[in-house]
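Participant: Only the shape, not the letters, is given here:
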């Protein structure tokens with residue numbers, strides 16, 4: 001489950017991308033536009049900044065801006081900075097399986113497979129896809145399914 005931190009992180013990144021004029025954007029402006037708590041937003045932006053996704057500038061004309069273009073960020077990388085792992089169960093949240101019963105666990109392959117699907121999906125959706133409202137890509141539709149949905 002994606003926490004409030006993850007949702008805020010995605011909202012901040014989308015806001016910065018959609019209001020990018022080459023300058024820095026104040027956190028107060030983002031908070032006001034998105035209706036987000038400034039205090040909580042500060043901790044989220046700090047994580048994104050430390051994660052190498054943002055540039056920051058202090059001072060009167062300071063604020064934040066994206067380092068790369070929106071099509072170069074994936075939703076997966078943004079969420080992993082704030083969430084750590086998006087694994088569906090605790091035992092696979094780390095790099096390796098942490099469970100005394102791993103050898104005899106019948107469901108472990110199921111959870112590992114689901115984790116790979118989640119990561120694969122989120123790593124193929126870019127910030128630009130979300131900005132563009134690319135429903136077909138976000139819904140994972142094939143060309144035929146896309147035509148059927150549009151019909």
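Facilitator: Received it, and whenever you're ready, just let me know what you need. Small disclaimer: the values here were computed from a predicted structure and weren't measured.

Participant: tell me which element residue 10 is part of?
Facilitator: Taking DSSP states H and E as the criterion, residue 10 maps to helix 4-18.

Participant: do the same with residue 64
Facilitator: Going by DSSP H and E, residue 64 is part of strand 63-66.

Participant: quick one: average confidence on that strand?
Facilitator: Mean pLDDT, strand 63-66: 96.

Participant: what's it packed up against?
Facilitator: Here strand 63-66 is seen to pack against helix 4-18, helix 27-34, strand 54-57 when contacts are counted using 3 or more CB pairs under 8 Å, 6 or more residues apart in numbering; DSSP states H and E. In short, each C-beta sits where N, CA and C put it, glycine included.

Participant: Give the buried residues for the very next helix or strand once past the second one.
Facilitator: Past helix 27-34, further along toward the C-terminus, the next helix or strand under DSSP H and E is helix 38-50. For helix 38-50, burial by neighbour count (16 or more other CB atoms under 10 Å) applies to 41, 44, 45, 47, 48.

Participant: Residue 143 versus the fourth one, what's the distance?
Facilitator: For residue 47, the distance to residue 143 equals 37 Å [CB to CB, to the nearest Å].

Participant: Any idea how far the worst-scoring helix or strand of the chain on mean pLDDT is from the middle of the chain?
Facilitator: Within the chain, no helix or strand scores below helix 143-150, which has a mean of 71 by mean pLDDT, DSSP states H and E. Offset of helix 143-150 from its chain centre (CA atoms, centre = their mean, to the nearest Å): 27 Å.
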